[in-house]
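*Asks:* when you get a sec, could you give me coordinates for this:
(one chain, ligands or ions: 1)
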Amino acid sequence: MTTTQTEQFTVRRSSADHSDNLPLPPAGHFINGSFVPGSSGQTIDVVDPTTEAVIASVQAGTADDVDVAVAAAVVAQKTWGATTPKERADVLNLIANIIEENRQSFQAIESANTGKPQAVSDDDVSSTIDTFRFMAGASRTLTSMAGGDYATDHTSVILREPVGVVGVITPWNYPLLMAAWKIAPILAAGNSIVIKPSEQTPLSTLKLVEVLAGRIPDGILNVVTGRGRTVGQRLSEHPDIALVALTGSVISGQAVAETAAKSVKRVHLELGGKAPVVVFPDADLRAAAAGVRNAGFWNAGQDCGAACRVLVHESVAEEFTEHLVREVSTLVVGAPEAGDDVEIGPMISLPHFERVKESLAEAREAGLTVAVGGSAMEGPGYFIEPTVISNVPAGAHIATHEIFGPVVTVETFGTTEEAVTRANESPYGLSASVWTRDSSLSLRIPKQLDFGTVWVNAHLVLACEVPWGGFKGSGYGRDLSLYALDDYSRTKHVMINHGA
Ligand code: NAD
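*Replies:* As a prediction, this is how the structure comes out:
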């Protein structure tokens, strides 16, 4: 092991180089059950953000590549959409089993491509498997309004149908898991898919179809790699795609929705977040600080639900900040292979690393207090110190825009009303948490918060049974749960006149 010393944290590295043993997938697009070359002949390099080395290249897809994939998906959907829920559930359970059989490969690829610690990629793979298992069961429980005679001599039947071919666009922060959150309910509802993974992290999605090839029906799951402005754009405009689902930034969501509007395509958007963590004076401050240590820094804070914006009552702000600084100071930064106790990996890419550094420089220029961390760490790799910025004034830029790194800000409030108003003063509405021992507050405050998920005395706890998705600038549509199945199916009313 070697370490790179900075002021407060060190990057733990491993001398062992595992890159030669990486079980890389083929580099083509995956269409109708096989890997095929791209039409442009151009490729995109895939970089390990821990070492800055190129570990693979994938096809830079084109609109023509998307068209070929969509044509295959249209044909496959006709057969797939006519299967019974049980038959679809069998396929989803098989997918879960195949991922489980290949768990080590997925973990290795995900950690190499994103730099995420082993504990995080392990959790990602487990949650991916659970997502397929949950949707396998859920697909057999879809219900609709009871059939009945709602008009004299006319019997109504409500059918749930697949929407058709779904275009999916995924981000880099949880490449496999975000793909699973889309693929599982979309297939469960009887649709076929053309998916475009992030150009920065396509490897685990390609690995998924490599291990599934020949074991699930051809054409129901197609992958076209490439950039948002080409492949993502074509998915958003293609006339044979019925719905496009994106997890990503607000700006990409706006672009997709604008393009999709031209063909009145359905859109499902899971966008950014800036989760407030509201700490009332009666809260267990140690538990709240430990909660922020975990939920603010999981995946190096590159999480749309990260507990990144603390609003703490002024009477306990100092004590809470002390606990938080102590907690954050113990985080272990390093490369994934440097030990299973590593907790913080690098930023995903050089441009993102630069963006996070810029936010930290802005905070310093604004005279804010850096209570711990605050700096980039020595390379190679795009590491940023776990950071807490305290005494942040209301409306400060660092507390209102999404940084998407290991940076937590601390603001104070005086009254309960102010806490609610300030928490809601955000363009985002994805998730929030409230920390209190007061049972009345624990019921009242979540109702007043404008966020799709509100935790009480917890943060970032997810389960497949419950919905995930945002309000306001965080988008619309729900991942996970029966609500996702609803989003990926359509309702048809059939009315039969049986009068004489
Ligand atoms: P991004 O928006 O840069 O990229 C996401 C995907 O969109 C990529 O595949 C990209 O190629 C594609 N894309 C970009 N421009 C496009 C366009 N014009 N048309 C079609 N597709 C386009 O986001 P990212 O940097 O990969 O991921 C980070 C963002 O994702 C953050 O804002 C984060 O909050 C958000 N996110 C949200 C959730 C959620 O559940 N709400 C989950 C994970 C990440």
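*Asks:* now do the same contact list for the nearest residue to E465 once chain neighbours are set aside.
*Replies:* Distances taken as CB to CB, 6 or more residues apart in numbering put S481 closest to E465, at 5.8 Å, once the chain neighbours are dropped. Every C-beta, even on glycine, is put in place using the N, C-alpha and C of the backbone. Counting by CB atoms under 8 Å, 6 or more residues apart in numbering, S481 makes contact with 138, 464-468.
*Asks:* D240: how many residues sit nearby?
*Replies:* 15 (other CB atoms under 10 Å).
*Asks:* ugh, wrong one, I meant G167
*Replies:* Count around G167 with other CB under 10 Å applied: 32.
*Asks:* tell me the buried residues within the contacts of S481.
*Replies:* When those are checked for burial by 16 or more other CB atoms under 10 Å, the buried set is 138, 464, 467-468.
*Asks:* and which of these is nearest the ligand?
*Replies:* W468 (6.1 Å; CB to the nearest ligand atom).
*Asks:* surely that closest one is in contact with L462?
*Replies:* Yes: applying CB atoms under 8 Å as the test, W468 and L462 come out as touching, 6.5 Å apart.
*Asks:* overlap of the contact sets of these two?
*Replies:* In contact with both W468 and L462: L480, using CB under 8 Å, 6+ apart.
*Asks:* what residues sit buried inside stretch 229-236?
*Replies:* Neighbour counts using 16+ other CB under 10 Å place 230-236 of stretch 229-236 among the buried residues.
*Asks:* returning to what we had before: in the buried ones among the contacts of S481, find the pair that's most separated.
*Replies:* Largest separation among these by CB to CB: A138 and W468, giving 14.3 Å.
*Asks:* near the ligand, which residues of the stretch 401-500 of the chain?
*Replies:* By CB under 6 Å from any ligand atom, the residues of the stretch 401-500 of the chain that approach the ligand are 402, 404, 430, 470, 474.
*Asks:* can you list the weak-confidence ranges in this structure?
*Replies:* 1-7, 17-18 (pLDDT under 70).
*Asks:* state the helix or strand in which the spatially most central residue of it lies.
*Replies:* The residue lying closest to the centre of the chain (CA atoms, centre = their mean) is M178, at 4.8 Å. Element membership for M178, per DSSP states H and E: helix 175-188.
*Asks:* circling back to that earlier point, now the residue nearest to the centre of the chain: how far from the ligand?
*Replies:* Distance of M178 to the ligand, computed by CB to the nearest ligand atom, to the nearest Å: 6 Å.
*Asks:* ok, that residue - contacts?
*Replies:* 170-171, 247 are the contacts of M178 under CB under 8 Å, 6+ apart.
*Asks:* mind telling me what element whichever residue of the stretch 51-200 of the chain sits closest to the ligand is part of?
*Replies:* Among the residues of the stretch 51-200 of the chain, P171 lies closest to the ligand, at 3.2 Å counting by CB to the nearest ligand atom. Using DSSP H and E, P171 is not contained in any helix or strand.
*Asks:* what's near enough to touch it?
*Replies:* Counting by CB under 8 Å, 6+ apart, P171 has contacts 178, 198, 247-249.
*Asks:* export those to a markdown table and tack on secondary structure?
*Replies:* What follows is the contacts of P171, written out as a markdown table (DSSP: H, G, I helix; E, B strand; the rest coil):
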| residue | secondary structure |
| --- | --- |
| M178 | helix |
| S198 | coil |
| T247 | strand |
| G248 | coil |
| S249 | coil |
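*Asks:* out of the residues you listed, which comes closest to T321?
*Replies:* S249 (30.0 Å).
*Asks:* I'd like to know how far the nearest residue to the closest one once chain neighbours are set aside sits from V250.
*Replies:* The shortest distance from S249 to any non-neighbouring residue, by CB to CB, 6+ apart, is to G272 (5.6 Å). Using CB to CB, to the nearest Å, we find G272 at a distance of 5 Å from V250.
*Asks:* overlap in contacts of those two?
*Replies:* By CB under 8 Å, 6+ apart, the residues touching both G272 and V250 are 473-474.
*Asks:* the more surrounded of these two?
*Replies:* Of the pair G272 and V250, G272 is the one with more neighbours under other CB under 10 Å, namely 22 against 18.
*Asks:* ok, the more buried one - contacts?
*Replies:* Counting by CB under 8 Å, 6+ apart, G272 has contacts 249-250, 304, 402, 404, 428, 430, 473-474.
*Asks:* identify the farthest-apart pair in those residues.
*Replies:* Distances among the contacts of G272 were taken as CB to CB; the most separated pair is F404 and G473, at 14.3 Å.
*Asks:* of those two, who's got more company?
*Replies:* Applying other CB under 10 Å to F404 and G473 shows that F404 carries more neighbours, namely 25 against 19.
*Asks:* the helices in the stretch 151-300 of the chain, which residues?
*Replies:* For the stretch 151-300 of the chain, the helices defined by DSSP state H, counting those that start in this stretch occupy 175-188, 203-212, 233-237, 250-261, 285-297.
*Asks:* deepest-packed of these, please.
*Replies:* Across those, averaging neighbours per residue (mean count of other CB atoms under 10 Å) puts helix 175-188 on top, at a mean of 28.
*Asks:* let's see which of the contacts of G272 end up in helices.
*Replies:* Residues from the contacts of G272 lying in helices, with DSSP state H as the criterion: V250.
*Asks:* return the member of the contacts of G272 nearest to T416.
*Replies:* Y428 (21.5 Å).
*Asks:* report how many residues lie close to that closest one.
*Replies:* Using other CB under 10 Å, the number of residues around Y428 comes to 27.
*Asks:* wait, doesn't it sit right on K472?
*Replies:* Yes: contact criterion CB under 8 Å: Y428 and K472 qualify, at 6.3 Å.
*Asks:* and the buried ones among the contacts of P171, selectable in PyMOL?
*Replies:* Selection of buried members from the contacts of P171 for PyMOL, criterion 16+ other CB under 10 Å:
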select buried, resi 178+198+247+248+249
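*Asks:* include distance to E411 when you put the contacts of P171 into CSV, please.
*Replies:* Below are the contacts of P171 laid out as CSV (distance: CB to CB, whole Å):
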residue, distance to E411
M178, 30
S198, 32
T247, 28
G248, 27
S249, 24
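*Asks:* relative to I31, which of the contacts of P171 is nearest.
*Replies:* For these, the nearest to I31 is S198 (19.1 Å; CB to CB).
*Asks:* now that closest one: closest residue in space, sequence neighbours ignored.
*Replies:* W172 (4.0 Å).
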